[in-house]
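J.: Structure of the sequence below:
(2 chains)
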Amino acid sequence: MKDRKVVCRCEDLTEEEIIHAIELGYDDLESLKRFTGATTGPCQGKGCLMHVIRILSQKTGKSVDEIGVTTQRQPVNPVPLYILAAKKGDEE
Amino acid sequence: MKVAVIGGGVAGLSAAYFLAKSGVDVKVFEQKYLLYGASGRNSGGLTLQFNNEPLIRLAKRTLELYDSIQSEVGFNFLLRKDGYVKIASERDEAKLKEEVEFQRRNGVNVELVEPEFVRVLFPDINTSAFSVASYFADGGVVFPWPVVWGLAKGCRELGVEVYDYTPANVELKGNELIVKANGESYKVDYVINAAGAWSNEISKQVGVELGNKVYKEEICVTESLKPYVDPYVMDISTGVYFSQSMRGEIVGGILGSETTTLETKASLDFLTSYAKRITELVPKLRGMAILRQWAGLYDVGRNGMPVIGETKVKGFIQLNGFGRHGMSLALAAGEGVAELIMKGRSSIIEPFKP
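T.: Coordinates of the predicted model:
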């Protein structure tokens, strides 16, 4: 267990699991994200995206530029519903 | 026999899967990555609560197919049948009542229930925010991502080539259908147009006017909670819906509206409207934070019905226009198209012919 290299803490993914997914054929960033769940947890990729890109680059030989990044989805940081609900109310 | 499927979503992959089972040589062309279209962006609601008989039949068969396909392909679709609830305000009470009566006459085990009944299913719901509900116990939620991965895996194991990041164009030369992709030309016996929101463009390439309407719909998810929301809840009066994914997020959205541009930008307007409505419906969610939001595109056929079947161009088959109900309908539609190609007809898709 001490060899476990955790890449994505939110979804509890190790480097080995990412590599396994790449070997199964999920070898572009969008597919890898959607197969493993990496970058879709509470951190939204802030903690794991660069690691995932590094591993993908090392495994496939593609450059970081070729791999690209996933679509950055709003909000930048999590926003509670009551704040969003109040904003709409204020406008009306 | 050679078949080309345009679009690697649930509909196209289902058709490819059933054709490959019959030994047909199939290629699937997806313009972007698998899950780029509506099959990868929806909320996964599964129900039979439709208001016409052919749709109910298609949805019934689709529910059966989820069970059989996920064991055949060895992939967990994260499907749970914890019920699908439609709720309505007073002004839509008659409409919902009529719908329930129709569905019951057509053998759907759906019940008209009081708000109090819904509160037993989901204790945090605000019973004063609606006046009546329709409950379908065998409905539920599926996670669309593994459905597409599982179908693609099943297809590949049967020898289907599934090409992602491969835009394809269809050409009609005399009576011959030719698909151009990867810098190559493939002469095929059938082309299945399962391109979702992009189906109109594909259809135009062979001179068939399709005229599906394109809708844009937005969804967001909260941070994860331990699983506690059982049913999928759809408010037919406000268009707001939500459920809880197997990962614990509250996934919710608002019914989409027609668009003329094929873009998937997410908006703050959606987020604030959704926040307002969902916190009325489930006040306890007020403190939950939104993690991410996105938008998706789907196409709707004439009179709100899917378009499934062969066109005036021999061999060119439509398999599109599912609206926001692709997850509930498309597996059986794909199976039907495979049957149409193999046997010359398929009664389940007959009512949807172009």
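
J.: quick one: buried residues of stretch B:42-57?
T.: Buried residues in stretch B:42-57, defined by neighbour count with 16 or more other Cβ atoms under 10 Å in any protein chain shown: B:42-50, B:54-57. Glycine gets a C-beta too; all of them are placed from N, C-alpha and C.

J.: ok, of the residues you listed, which one's closest to B:Gly256?
T.: If you rank these by distance to B:Gly256 using Cβ to Cβ, B:Asn42 comes first, at 10.4 Å.

J.: For B:Lys314, see how far away that closest one is.
T.: For B:Asn42, the distance to B:Lys314 equals 33 Å [Cβ to Cβ, to the nearest Å].

J.: repeat for B:Gly12
T.: From B:Gly12 to B:Lys314 the distance is 20 Å (Cβ to Cβ).

J.: So those two - more neighbours on which side?
T.: B:Gly12 (33 against 13; other Cβ atoms under 10 Å in any protein chain shown).

J.: Can you tell me the element that one falls in?
T.: For B:Gly12, the host element (DSSP states H and E) is helix B:10-21.

J.: where does the closest residue to chain A within the stretch 1-150 of chain B land in three-state SS?
T.: As assessed by Cβ to the nearest Cβ, chain A sits closest to B:Tyr33 within the stretch 1-150 of chain B, at 4.2 Å. Of the three states, B:Tyr33 takes coil under DSSP: H, G, I helix; E, B strand; the rest coil.

J.: could you pull out the helices for the chain?
T.: In the absence of a named chain, chain A is used. A:15-24, A:29-36, A:49-60, A:64-67, A:81-91 (DSSP state H).

J.: was after chain B, sorry
T.: B:10-21, B:53-73, B:93-105, B:115-121, B:144-157, B:199-204, B:268-281, B:326-343.

J.: In the fifth one, which residues are buried?
T.: Think helix B:144-157. Quick answer for helix B:144-157 (16+ other Cβ under 10 Å): B:144-156.

J.: Could you do stretch A:3-14 as well?
T.: Under 16+ other Cβ under 10 Å, the buried positions of stretch A:3-14 are A:7-8, A:10-11, A:13.

J.: now stretch A:36-55
T.: Buried residues in stretch A:36-55 (16+ other Cβ under 10 Å): A:36-45, A:47-49, A:51-53, A:55.

J.: Around chain A, which positions in chain B sit nearby?
T.: B:32-36, B:40, B:145, B:149, B:164-165, B:222-224, B:247, B:266, B:268, B:271-276, B:278-279, B:285-294 (Cβ under 8 Å from any Cβ of the partner chain).

J.: at 6 Å instead, please
T.: B:33, B:35, B:145, B:223, B:266, B:271-272, B:275-276, B:279, B:285-294 (Cβ under 6 Å from any Cβ of the partner chain).

J.: Off-centre distance for stretch B:18-38?
T.: 16 Å (Cα atoms, centre = their mean, to the nearest Å).

J.: and if you look at stretch B:12-31?
T.: 18 Å.

J.: what's in contact with it?
T.: B:1-6, B:8, B:151-152, B:154-155, B:158, B:160-164, B:166-168, B:181, B:192, B:194, B:319, B:330-331, B:334-335, B:337-338, B:342 (Cβ atoms under 6 Å, 6 or more residues apart in numbering or on different chains).

J.: now do stretch B:89-103
T.: B:51, B:88, B:110, B:112, B:130-132, B:134, B:236-237.

J.: Could you do stretch B:206-217 as well?
T.: Contacts of stretch B:206-217 (Cβ under 6 Å, 6+ apart): B:170, B:172, B:197, B:199-200, B:203, B:256, B:258-259, B:295-301, B:311, B:313, B:316, B:321.

J.: Which of the residues you listed are buried? Put it as a PyMOL command.
T.: Remark: buried members of these, expressed as a PyMOL selection using 16+ other Cβ under 10 Å:
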select buried, chain B and resi 170+172+197+199+200+203+256+259+295+296+297+298+299+300+301+311+313+316+321
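
J.: who in chain A is up against chain B?
T.: A:30-31, A:34, A:42, A:44, A:73-74, A:78-82, A:84-85, A:87-88.

J.: Return the item of those residues having minimum pLDDT.
T.: Lowest pLDDT among these: A:Lys88, with 46.

J.: next one: stretch A:47-60 to chain centre, how far?
T.: Relative to the centre of its chain, stretch A:47-60 is centred 10 Å away, using Cα atoms, centre = their mean.

J.: And the contacts of that stretch?
T.: Under Cβ under 6 Å, 6+ apart, the answer for stretch A:47-60 is A:7-8, A:18, A:22, A:27, A:38-39, A:64, A:67.
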